[in-house]
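> need a 3D model of the following:
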Amino acid sequence: MKKILFIFFIAMAGMSASAIAQKPELITSDKTGWHKIGETKADFIRDRDEIKVMGANRFAKIKFIVDKESIHITSMEVYYESGDKQDIAIDLPLKAPGESKIIDLDGGERNVKRIVFVYKSISNEKGKKAHVEIWGLKTNM
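Numbering: from 1, shown residues only. Reported below is the predicted structural model:
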């Protein structure tokens, strides 16, 4: 019985951590230029984070900015309002503080529904977290 309760507790803790990471981000500005889409703390317990995007969510390009700790982003999935999905292989170690290369979105400026990115730690001390921001470029074309 104790084993079943322990497994249930671990499953519930995992679901609540996942729900916290999926907090929707509301973009309010439609001005041309770079806008912060969202941010998360990569705790290196999970290896995947998701940012849901609402509001003025049209972007042509995306980039990552990290500080505090380094991170290795392996891939990204961009889900569009149209139902399309773009898989992007990144395989990019980002030293903190640092910034990724600029990533073009398929089809130019499009409505982004959510962004999922997969990462792994670059040897860091336990308890340390990388602060990751996702930025999007609005071209208003």
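> could you pull out the helices for this protein?
For the chain, helices defined by DSSP state H occupy the ranges 2-21.
> now do the contacts for residue 112.
Residue 112 makes contacts with 37, 53, 57, 58, 59, 78, 79, 80, 81, 105, 136, as judged by CB atoms under 8 Å, 6 or more residues apart in numbering. C-beta here means a position set from N, CA and C on the backbone, and glycine is covered the same way.
> my read: residue 115 touches residue 76, true?
Yes: using CB atoms under 8 Å, residue 115 is in contact with residue 76, at 6.5 Å.
> intersection of neighbour lists for those two?
By CB under 8 Å, 6+ apart, residue 115 and residue 76 have these common neighbours: residue 62.
> so for these two, which sits in the more crowded spot?
residue 115 (24 against 21; other CB atoms under 10 Å).
> narrow the contacts of residue 112 to those in strands?
The members of those that map onto strands under DSSP state E are 37, 53, 58, 59, 78, 79, 80, 136.
> could you redo those residues as TSV and give each row neighbour count, pLDDT and distance to residue 89?
Shown next, in TSV, are the ones in strands among the contacts of residue 112 (neighbours: other CB atoms under 10 Å; pLDDT from 0 to 100; distance: CB to CB, whole Å):
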residue	neighbour count	pLDDT	distance to residue 89
37	20	92	20
53	24	93	21
58	20	94	24
59	25	96	19
78	22	97	12
79	17	97	16
80	17	96	18
136	24	95	19
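> of all those residues, which comes closest to residue 70?
Comparing the ones in strands among the contacts of residue 112 against residue 70 with CB to CB places residue 37 closest, at 21.1 Å.
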